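Novice: predicted model, plus sequence, below.
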Amino acid sequence: MKTILCYGDSNTYGLRSDLTTRYPRDKRWTGILQGILGNDYYIIEEGLGGRTTVWDDPVEDYKNGKKYLLPCLDSHKPLDLVILMLGTNDLKTRFSVTPFDIGVSIENLLRTLKCSDAGLDFQPPEVLLICPVPIHSVGNPDLDQMIPDMDERSRMLEHYYKQAAEKYNVHYMNPGEQVEVNDIDGIHYTEKGHEIMAGLIAEKIREIFG
């Protein structure tokens, strides 16, 4: 059995489009992925709303993805694969970072993973870096203040994520516009979006493990 850790933010957690509750497990991309891959795989959900790459959030506590990554790896090892999908929350104004900075932050997490002993036989696990799905403004003034220029800046991540994946020799996937996000906030996946994401990741996992 292959053990896969999915380390992400609210879209890995499965926050609904109404932003109040969580999709049921069989509607979240992680749960759908488990169903597609079957009993030869064990999918571990580690999604947290607001999680960043490496930044301490001055408004919300315990959102720094770097600080929890090593304990998380230790609690679930041995792992065959870690799926890393973070970066959208880094776009918030409160962090004052650029897409370039977010790319460097992702490199920080990749170094952590590549130096860990969380894989089989105390080796590093395989890593799949997924570029966050582009987000878009829905004309909500509060959201536009929280994440300014979100359309352009979220699309700029792809360049830096691809570079990071090549630099650290990890698997890479960019779902791009294929995954549907809602029109309530322009950030979180619809049910259809979760289905599409699960299918794309399942195809990539099969490619990784042959």
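Specialist: Thanks, I have the structure now.
Novice: pretty sure Cys6 sits in a strand.
Specialist: Yes. Cys6 sits within a strand when classified using DSSP: H, G, I helix; E, B strand; the rest coil.
Novice: near it, how many other residues are there?
Specialist: When neighbours are defined as other Cβ atoms under 10 Å, Cys6 has 23 of them. For every residue, glycine as well, the C-beta is placed using N, CA and C.
Novice: got it, and Lys67?
Specialist: Neighbours of Lys67 using other Cβ under 10 Å come to 13.
Novice: for Pro71, same thing?
Specialist: 9.
Novice: again, but for the one 4 residues further on
Specialist: Each residue near Ser75 was counted by other Cβ under 10 Å, and the total is 12.
Novice: I'd assumed Asp57 was in contact with Gly50.
Specialist: Yes. Gly50 sits in contact with Asp57 when judged by Cβ atoms under 8 Å, with a separation of 6.5 Å.
Novice: could you name every residue contacting both of these two?
Specialist: 63, 89 (Cβ atoms under 8 Å, 6 or more residues apart in numbering).
Novice: tell me where the chain has helices.
Specialist: Here the chain has its helices, by DSSP state H, at 10-13, 29-37, 65-76, 99-114, 141-146, 150-167, 191-209.
Novice: I'd say Thr3 and Asp80 touch.
Specialist: Yes. Using Cβ under 8 Å, Thr3 is in contact with Asp80, at 5.3 Å.
Novice: got any ranges where the chain has weak pLDDT?
Specialist: Within the chain, not a single segment meets pLDDT under 70.
Novice: wait, what's in contact with the most centrally placed residue in the chain?
Specialist: By Cα atoms, centre = their mean, the chain has its centre lying nearest to Met85, at 1.8 Å. Contacts here follow Cβ under 8 Å, 6+ apart; on that basis Met85 touches 6-9, 11-12, 129-132.
Novice: please repeat the previous calculation with a cut-off of 6 Å.
Specialist: By Cβ atoms under 6 Å, 6 or more residues apart in numbering, the contact list for Met85 reads 8, 130.
Novice: tell me how far it lies from Gln123.
Specialist: 22 Å (Cβ to Cβ, to the nearest Å).
Novice: try Gly50
Specialist: For Gly50, the distance to Gln123 equals 32 Å [Cβ to Cβ].
Novice: give me the more crowded residue out of the two.
Specialist: Ranked by neighbour count (other Cβ under 10 Å), Gly50 and Gln123 place Gly50 first, with 16 against 11.
Novice: what's next to stretch 63-82, contact-wise?
Specialist: With Cβ under 6 Å, 6+ apart, stretch 63-82 has contacts from 2-5, 44, 46, 50-54, 56-57, 86, 112-113, 116, 118-120, 125-127.
Novice: out of those residues, list just those in strands.
Specialist: Assigned to strands by DSSP state E, the following of those qualify: 2-5, 44, 46, 126-127.
Novice: could you flag which of those are buried?
Specialist: 3-5, 44, 46, 126-127 (16 or more other Cβ atoms under 10 Å).
Novice: and the two most separated of these?
Specialist: Greatest spacing in those, by Cβ to Cβ: Glu46 and Glu126 (16.2 Å).
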